[in-house]
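K.L.:
Okay, sequence plus prediction incoming.
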Amino acid sequence: MNDDAKKLDITTRLVHSGEREPMPGGQPVSTPIYATSTFTYGSMQEIDLVFAGERPGYVYTRHGNPTLAALEQAMLDVEEGATACVYASGMAALHAALLACDLKAGSTVLLSQDVYGATTNLLLTVFSSFGVKTVTADFSDIDQLREKAREVKPLVMIAETISNPLLKVCDIEAVAEIARENNARLIIDNTFASPFLCQPLKLGADMVVHSATKYLGGHADATGGVVISRDEFDSTALIGAMKLVGGVLGVWDAHTILRGVKTLGLRMERQCDNARRLAERLNGHDRLARVYYPALTERGAELAQRILRAPHAGALVAIELKEQTREAAFRFMDALQLCVRATSLGDVFTGVLHAASASHRDLTPARRAELGISEGLVRISVGIESIDDIIADVEQAL
Ligand code: PLP
């Protein structure tokens, strides 16, 4: 504090002391948490130039912040896109990606039937109220999908790399070809695979969306989302969605997610190996009607080999109890002692979810039945623990 400042009243000094000091030398090795809502400059002229985009800089955190920019840069690098923007949640990211596609009343979105329930609801409630039409299709039947796309002429197509909750691997290359034939933009929700297992832009997708709440963060302690586009042109619309809709990622969560990203490769290797061991062990279990894990079917194994990072097939396993009732599923889940009963996935611990009462709760029972989501279906997000302990826990609960 200089001598002039010392003349100020203590109440004033309490507000300003210690702030906005010039940076000494030494670059921080990890990005600081820029916990500031706004930025100041030496003059109004400088602020005006930054506002006008004529000088690089930050003006207001809802428009951009260095901690968020660090996470955006990391995601841009690992997904190999041209522009990226982070948001307060995966749903905010999906909403922004859809806004960036310039949907208007009368436009059609062709949506994979096998997606997260809230994605379907976002389109059927928010977007449909503005006249956007949503048509669902089975994206695993490529011939039917091609016909459907020709019929409905979508502006946007949406699928998940590994579907929720039945874990079908999407043939992104084939779907991207159909999108191109119809001048549609393909959005891939890559949450279940993470960029470690799949980089959809390289397979022909136009935009990638993540719920960063899942594998990217990886520790169940942050909520966030990200959109990465292959086209620099989307930058204005993606930043515009952040500025105008305002689903801005908090800097603390951005920091936590960026830290999580650093260990994604190690966690994924371990989680995928664990999932394979669990799936192989449970396949054919006398209490189970079916085990869902991509590598257990010939088609799933071929797709996993081509679309995901070999030799992996994801870190999720879904099991269907022979007794296909909610009571039986809840009884099994309540008997687990180590696996955590919680809505989410992709964390370092093994987590279990009952799709019919959680991720797909808002669908009607009839629709769930059509999609093959029975009351006895339990999705297991396999963690980094010793797989022997997880297998023992699941087996005792069964
Ligand atoms: N996409 C998928 C595949 C999800 O599973 C989820 C949440 O479970 C979301 C998007 C939404 O993410 P968030 O909860 O971060 O909004």
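P.N.:
On my side now, so go ahead.

K.L.:
Now whichever residue of the chain sits closest to the ligand: closest residue in space, sequence neighbours ignored.
P.N.:
Nearest residue of the chain to the ligand (C-beta to the nearest ligand atom) works out as G90 at 2.3 Å. Bear in mind the C-beta positions are built from the backbone N, C-alpha and C, glycine included. Take G90 and drop its neighbours on the chain: the residue closest to it by C-beta to C-beta, 6 or more residues apart in numbering is S211, 2.6 Å away.

K.L.:
Identify the residues contacting the lengthiest helix in the chain?
P.N.:
Among all segments of the chain classified by DSSP state H, the helix with the greatest residue count is helix 264-282. Helix 264-282 is touched from outside by 194-197, 215-216, 218, 288, 291, 293, 295-296, 312-317, 319, 348, 380, 382-385, 387, 390-391, 394, with contacts defined as C-beta atoms under 8 Å, 6 or more residues apart in numbering.

K.L.:
Parallel or antiparallel, list what pairs with whichever helix or strand comes after it.
P.N.:
Moving toward the C-terminus from helix 264-282, the next helix or strand (DSSP states H and E) is strand 288-292. Applying DSSP bridges, strand 288-292 is found paired with strand 316-321 (antiparallel).

K.L.:
Where does the record place the domain boundaries for the chain?
P.N.:
Structural domains assigned to the chain are 47-262, 264-397, following automatic domain parsing.

K.L.:
Highest mean neighbour count out of those?
P.N.:
Highest mean neighbour count of those: domain 47-262, a mean of 20 (counted as mean count of other C-beta atoms under 10 Å).

K.L.:
Would you format the domains of the chain as a markdown table with mean pLDDT included?
P.N.:
Formatted as a markdown table, the domains of the chain follow (pLDDT from 0 to 100):
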| stretch | mean pLDDT |
| --- | --- |
| domain 47-262 | 97 |
| domain 264-397 | 96 |
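
K.L.:
can you put those domains in CSV and add distance to P28?
P.N.:
Below are the domains of the chain laid out as CSV (distance: least, C-beta to C-beta, whole Å):
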stretch, distance to P28
domain 47-262, 11
domain 264-397, 22
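
K.L.:
Spell out which parts of this structure neighbour the ligand.
P.N.:
The chain comes close to the ligand at residues 89-91, 116, 118, 160, 164, 189, 191-192, 211, 213, 223, 225, as judged by C-beta under 6 Å from any ligand atom.

K.L.:
which two in these are spaced the farthest apart?
P.N.:
Greatest spacing in the residues of the chain next to the ligand, by C-beta to C-beta: E160 and T223 (18.7 Å).

K.L.:
coming back round to it: run the angle between the longest helix of the chain and strand 316-321 for me.
P.N.:
20 degrees (axes from the mean of the first three to the mean of the last three C-alpha atoms, to 10 degrees).

K.L.:
How far off centre is helix 264-282?
P.N.:
With C-alpha atoms, centre = their mean, to the nearest Å as the basis, helix 264-282 stands 19 Å off its chain's centre.

K.L.:
Ok, stretch 156-170 next?
P.N.:
Relative to its chain's centre, stretch 156-170 lies at 12 Å (C-alpha atoms, centre = their mean).

K.L.:
Just the endpoints, please. Distance across that stretch?
P.N.:
Length of stretch 156-170, first residue to last, C-alpha to C-alpha, to the nearest Å: 16 Å.

K.L.:
Stretch 16-23 too?
P.N.:
Per C-alpha to C-alpha, stretch 16-23 runs 16 Å from first to last residue.

K.L.:
swap in stretch 186-203?
P.N.:
This stretch, stretch 186-203, spans 11 Å end to end (C-alpha to C-alpha).

K.L.:
repeat for stretch 323-340
P.N.:
22 Å.

K.L.:
just checking, which of the contacts of helix 264-282 belong to strands?
P.N.:
288, 291, 316-317, 319, 380 (DSSP state E).

K.L.:
Looking at the residues you listed, point me to the pair that's furthest apart.
P.N.:
It's L288 and L316 that sit farthest apart of these, by C-beta to C-beta, at 15.7 Å.

K.L.:
List the residues that contact V227.
P.N.:
84-85, 87, 93, 96-97, 100, 207-209, 234, 238.

K.L.:
In a markdown table: the residues you listed, plus secondary structure.
P.N.:
Shown next, in a markdown table, are the contacts of V227 (DSSP: H, G, I helix; E, B strand; the rest coil):
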| residue | secondary structure |
| --- | --- |
| A84 | strand |
| C85 | strand |
| Y87 | strand |
| A93 | helix |
| A96 | helix |
| A97 | helix |
| A100 | helix |
| M207 | strand |
| V208 | strand |
| V209 | strand |
| D234 | helix |
| L238 | helix |
